[in-house]
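>>> Give me a model of this one.
(3 chains)
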Amino acid sequence: MKHFLSVQDAPDVDTIIQEALAYKQSPRKDGGLGEGKTMGLLFLNPSLRTRISTQIAARNLGMETIVFNVDKEGWQLEFHDGAIMNGSTVEHVKEAAAVIGQYVQVLGIRTFPGLVNREDDYSELYIRQFVKYAGVPVVSLESATVHPLQSLADAVTIRECWKENRKPRVVMTWAPHVKALPQAVPNSFAQWMNAWGAVDFVIAHPKGYELHPDFAGKATVVHNQNEALKGADFVYVKNWSSYQQYGKIVSQDSSWMMTAQKLTQTRQAKVMHCLPVRRNLVIADEVLDGPQSVVIQEAGNRVWAAQAVLSRILREL
Amino acid sequence: MKHFLSVQDAPDVDTIIQEALAYKQSPRKDGGLGEGKTMGLLFLNPSLRTRISTQIAARNLGMETIVFNVDKEGWQLEFHDGAIMNGSTVEHVKEAAAVIGQYVQVLGIRTFPGLVNREDDYSELYIRQFVKYAGVPVVSLESATVHPLQSLADAVTIRECWKENRKPRVVMTWAPHVKALPQAVPNSFAQWMNAWGAVDFVIAHPKGYELHPDFAGKATVVHNQNEALKGADFVYVKNWSSYQQYGKIVSQDSSWMMTAQKLTQTRQAKVMHCLPVRRNLVIADEVLDGPQSVVIQEAGNRVWAAQAVLSRILREL
Amino acid sequence: MKHFLSVQDAPDVDTIIQEALAYKQSPRKDGGLGEGKTMGLLFLNPSLRTRISTQIAARNLGMETIVFNVDKEGWQLEFHDGAIMNGSTVEHVKEAAAVIGQYVQVLGIRTFPGLVNREDDYSELYIRQFVKYAGVPVVSLESATVHPLQSLADAVTIRECWKENRKPRVVMTWAPHVKALPQAVPNSFAQWMNAWGAVDFVIAHPKGYELHPDFAGKATVVHNQNEALKGADFVYVKNWSSYQQYGKIVSQDSSWMMTAQKLTQTRQAKVMHCLPVRRNLVIADEVLDGPQSVVIQEAGNRVWAAQAVLSRILREL
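Residues are numbered from 1 along each chain as shown, chains lettered A, B, ... in the order given. Below is the predicted model:
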C-alpha cells in the first residue's frame, strides 16, 4: 500500500479486516516493523479518537509519532497555486508538505471540508496536495469527503458481531443535529459497505440528504426510517448535511433520532456511531446505555484498523 | 492500588514516601514495569509541572504517555446525566471516558472546580464520572477538591528535610492573591498531614477562609499568622478562596504575604509552595531567593511521588 | 558544549558541519548517547520545522522529548526581576526554569523579540534568564537576535552543494514582506558566514535595513540588489525589519522580490530561505518550483544540525 485515502487503496476488504482482527488478538506481533521510523500526524482540525488510536497503532508497530495541530499551533496554510501570499496564510502546502516529508517516513493528515465550495471539497484539494508534495506515504485521518480508517473499523466491528450464516442487513440512517456536518463518514461507510459486498446495505434519510452517487452506489435508498429499520441487523446512525444544497441543513426532523422504541422493529440490531455523538439529539440515552449499542467496541477497533493500514504501508516503504 | 484520587487510596503515608525516595535514588529500577503500556493524560485545565513530572515518571517505568489538552484542543465535554446535547458540548463523558479506556491502560485527569456550585465541586462530579466510565485506573492530576500527587511530593520533601528526632511543626498559612483559587491544594495538604501523623500540623488564615472540616480535621487552626509561625519548622504558603462564601475572595490582606522578617519567628523554617507562585504578592523575593526556600526541590519531588503511585497501579493491573 | 546560543558556542564551523553531515549519512550511529535522558522543548512562539527536526534529532540519539507550548497552553511568564506579580503573569522564569531543570537533562527554548524595546531584545533578556536559572544545558531554538540551529543547517547546505575549488560568493538579500519580522535569521546567518570564513559574503538590502555591526561584521554591504547578485553562487533570501528604526518596516519595495529574471545574473546560484516563505511576495513561484531552489534540502538539514549540537551537549553532560 502506497497511500491510504479511501477504500480504493485497500486490498480486498475481507483481507484487511482479518489483518486488523489479527492485531487485536496480538497487538505487538509486528513490534519491530516500524523501528527507527516516525509518523507525523497533522491535524487541520481537532481529533481525539483518531489521534490517540493512530498513536497507539503506530507504537504497537514500534513506530514513533509526532503530532502537529496546525490549527491550534497557529500555522495557516495556503493551498492555492499561484497565490500572492500577502494575507493571512504563512506557508504554502508545497513547502509544508515537502518539509515534513523530509522529517517523517509516513504522514497522517486530517482535513475537513469547508462545506461552502462543493467542487473544492469533492476534489479533495487539501489532502491531494499533501500527497503530491510530501514525497512519503499519506494516510487519511479523515478528509473532506471520506474517513476510511473509521469505515474500516466499522467493517471490523460488523464482522466481529456477526455470527450467522447469511448476509446481515446494515442500515445507515440519517439523524438530526444542530450543526452542518460533513458527508465524509456516511460517504465512506457507504463506499466500504458497497465494496465489501458481504452485507445488504440500506441508506435511510429525509429527502434532500441524498449522498453523491459515487458513494451511495448500489445501496437501497429509502426515505422512511421505519421501513428501513425493519429486519435490520445493524443500524449505523449519523447526521450529515446536504450534498445537493451543499453544506446546508435541509431538515432537523427530530423524529429521526434513534430510540429504543424504533429498535423494536429490528432484529435486535446492533447500534453503531462513529462518535462523538450528541446524546438525546442523535441517539437517545436508553439506546447508548443499552445492550444493543456497540459504539465503544467500534471506537476501540480504530486501533486495529489503523494498525492494519500502517503495517501494509511500512512493509512497502 | 486501583485508583489514586486522594490520600485514602494510598497505603500508609510513610510507606509510600519511602517508595518515592527509593525511586529518587534509583529512577530506572523498575524500568520494565510499564512496558507496552500507555498512560493517557487528560487536562481539562492547563498544567506544566504535573504534566512533565508525570510523563517523566511514566517513562522511568517504561510506560508511554499520550497527552490530550481537552480545553485547548476544542473538545467540550458534557457531564450531566440525561442532558439533551443540542448546545456547546460535543461529547458526553460516558463515551469520552469509555473510549479512552479502550486505548490506554492508565488514565490521569486534571479537572478544576467551577468555584460556583459548591455541591457539584465537592461531590467531585467530573473525576468521579471518569472513574465510573473509563474502566481503567484513574490517577488524579488535581481535581476539584484535592491534589494528592502534590501532597505526596510535599510529604516527601518534609521527610527529606527533617533530620531531628521530634515531630516538626508544620504551618500551612493562607496568603493573598488577586484571583479566586481552588481549595484543592490546602485541602489535600491538610488531609495528608493529618493522615500522616508524623508532624504537628497548624493551619493559619484570616477568618472566613476556614477549610471544610473533613480536610482541616484535627489540625490546630489560628487566625494570627505570627502566632502560628512561632517555632515553625516548615511553612507551607498558599492562597485559597473561601469555602463558606463559596469561591469568593473575602480578604486580600497583604500583611499575610510571607517575608524574611516573618520567618525570623520560626526555627529557620523551610518554606514550601506548590508553584506557580506570584512573587511579591504571595511570597517575597527575599524568601524565594533565600536559603530557606525548598520550592524547587519540592517541585522536583513531583516525579518521585508520581512514580511511586504509578508503580503501585501498574503492579495491580 | 555546555549551551548552544550562538556560533560562539560552536567549535570550528567546519568541524561541526562535518559532524552534521556524518549524522546525515548514518542517523542512528550514536543511538544510545541520550538513553534515559529527556529534552524539554519550550516554545514561547509557535514552530513547525524547529520542533519536528529537533524531536527527530533527539530520538536519533536515543533521547526522549517533551514539548511545552508556553503561549498556547496558557502559561504567561514573568521575566522582570523584582516584579510584583499581581497582573497577568502567573509564574516567574526563576521558578519555571529551575523546575523544568529538575525534570529534563537538556532544555531547548524558542523566544521571539518584542520588536519594541531594542535593548531588551538585544540583551537576550528571555533566553539568558533560562540559562541562568535552569541549571541544565540550554539550546536556542531561535531567540530574539539569532537562530543558530538554522544557520548551522544553512552552512551544511552550502557545504553540500559546493564542489568547486574556490570560495563561493554567498549573497544574503533582503526581500519584502507584509509583517515586521525579527532580525534573528539574517543576524545569525551573517554571524555564521563571517565566523566560517569559507565563503565570500555579501549582504544586500535597501537603506535603513542595516544589521547591527556585531552581526554584519566584515561582510560586504550593498544597496543595489542587482549588483550584489552578479556572480553569486548562493542567494539567501530573507525579510527583516529595521534595526535602526527598531522593529519598523521602512520599505516594502516589491522590486526586491526574488525572481527567475534576477537569477540570470548569478552563476546559476542556489536559492536558500529558512522557511516559511510567502510565495510571490518574498520569492516568486518560478524560483521556488525551479531547479535552483534548495529550500527543502535546507529544511531537511535542520535535523542533522540539531543532532550535531545535541550530541556535543550529551557527551559533556
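
>>> Point me to the residue of the stretch 1-150 of chain A nearest chain B.
Taking CB to the nearest CB as the measure, the point where the stretch 1-150 of chain A comes nearest chain B is residue A:46, at 4.5 Å. Bear in mind the C-beta positions are built from the backbone N, C-alpha and C, glycine included.

>>> any idea how far residue B:133 is from that residue?
21 Å (CB to CB, to the nearest Å).

>>> What backbone torsions are found at the residue most central in space within chain A?
Residue closest to the mean C-alpha point of chain A, counted by CA atoms, centre = their mean, is residue A:147 at 2.5 Å. Main-chain dihedrals, residue A:147, degrees, to the nearest 10: phi -140, psi 70.

>>> and chain A, what are its domains?
A:7-146+A:300-315, A:149-299 (automatic domain parsing).

>>> now the last one, how far from the centre of its chain.
A distance of 13 Å separates the C-alpha centroid of domain A:149-299 from that of its chain, computed with CA atoms, centre = their mean, to the nearest Å.

>>> and what of the longest one?
Remark: domain A:7-146+A:300-315 is offset 12 Å from the chain centroid, using CA atoms, centre = their mean.

>>> How about that domain and chain C, touching?
Yes - counting by CB under 8 Å from any CB of the partner chain, chain C has neighbours in domain A:7-146+A:300-315: A:36, A:38, A:40, A:64, A:66, A:68, A:72-75, A:78, A:82-87, A:89-92, A:94-96, A:98-100, A:102-104.

>>> From those residues, which land in helices?
A:94-96, A:98-100, A:102-103 (DSSP state H).

>>> Just the buried residues from those, in PyMOL please.
Buried residues among these (16 or more other CB atoms under 10 Å in any protein chain shown), as a PyMOL selection:
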select buried, chain A and resi 94+95+96+98+99+100+102+103
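
>>> what is the rounded mean pLDDT of stretch A:141-149?
Averaged across stretch A:141-149, pLDDT comes to 98.

>>> my bad, should have said stretch A:274-288
Mean pLDDT, stretch A:274-288: 98.

>>> Report the buried residues of that stretch.
With the criterion 16+ other CB under 10 Å, stretch A:274-288 contains buried residues A:274-285, A:287-288.

>>> repeat for stretch A:226-236
By neighbour count on 16+ other CB under 10 Å, the buried set for stretch A:226-236 is A:228-229, A:232-236.

>>> In helices, which of these appear?
Going by DSSP H, the helices hold A:228-229 from those.

>>> nearest to residue C:177, of the buried residues of stretch A:226-236?
Ranked by distance to residue C:177 (CB to CB), the buried residues of stretch A:226-236 are led by residue A:236 at 50.0 Å.

>>> which residues touch the closest one?
A:154, A:170-173, A:189, A:272-273 (CB atoms under 8 Å, 6 or more residues apart in numbering or on different chains).

>>> how close does it sit to chain C?
36 Å (CB to the nearest CB, to the nearest Å).

>>> Equivalent analysis for residue A:143, please.
For residue A:143, the distance to chain C - CB to the nearest CB - is 21 Å.

>>> what's the neighbour count on that residue?
Per other CB atoms under 10 Å in any protein chain shown, the neighbour tally for residue A:143 reads 27.
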